[in-house]
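Asker: Quick one, what's the 3D model for this:
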Amino acid sequence: MSDDVRTPAQIEAEITRRRQDLAVVLDELAVRVHPVTIARDAKAKAVSAVDRTVGQAYVAVNRAVGRAKAPFVRNDGAPRPERIVPAALAVVGIAAAVAGLSVRRRRR
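Answerer: Below you'll find the predicted structure:
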């Protein structure tokens, strides 16, 4: 018997196998195009984008806090009172001035 000649049983078996393969492919396609799957994929992409954005924002804020904090702490992390006290007094002074202006406006 030659390699090109197949028996009817071999042909039927090949047809059955191809039908099963096709059924699997069609099932996979049906799952991919199902509205629930599409919505789930879209949600996952959105969550991923938000997570990425939040991560980038966290890094940016962390850098900004580090830059703002740097003048007020030593390299070992100890506070520098000689810089903290004047800055705190300035903040208190500005807050008092704003509060005073606010009270004046309300009295008018």
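
Asker: in this protein, which ranges drop under the pLDDT threshold?
Answerer: Residue ranges of the chain with pLDDT under 70: 1-3, 107-108.

Asker: for it, what spans make up the helices?
Answerer: 8-33, 35-69, 81-107 (DSSP state H).

Asker: Please render those helices as a markdown table that adds mean neighbour count and distance to Asn75 to the earlier fields.
Answerer: No exception for glycine: its C-beta is placed from N, CA and C like everyone else's. What follows is the helices of the chain, written out as a markdown table (neighbours: other Cβ atoms under 10 Å; distance: least, Cβ to Cβ, whole Å):
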| stretch | mean neighbour count | distance to Asn75 |
| --- | --- | --- |
| helix 8-33 | 10 | 56 |
| helix 35-69 | 10 | 12 |
| helix 81-107 | 10 | 14 |
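
Asker: Now do stretch 25-33: distance to the chain's middle.
Answerer: Relative to its chain's centre, stretch 25-33 lies at 29 Å (Cα atoms, centre = their mean, to the nearest Å).

Asker: Convert it to PDB, retaining C-alpha atoms only.
Answerer: The C-alpha coordinates for stretch 25-33 follow below in PDB (Å, rounded to 0.1, in the frame of the first residue of the first chain):
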ATOM      1  CA  VAL A  25     -11.400  26.700  17.500                       C
ATOM      2  CA  LEU A  26     -15.100  27.800  17.200                       C
ATOM      3  CA  ASP A  27     -15.600  27.500  20.900                       C
ATOM      4  CA  GLU A  28     -12.500  29.700  21.500                       C
ATOM      5  CA  LEU A  29     -13.800  32.200  19.000                       C
ATOM      6  CA  ALA A  30     -17.200  32.300  20.700                       C
ATOM      7  CA  VAL A  31     -15.600  33.000  24.000                       C
ATOM      8  CA  ARG A  32     -13.400  35.700  22.600                       C
ATOM      9  CA  VAL A  33     -16.300  37.600  20.900                       C
END
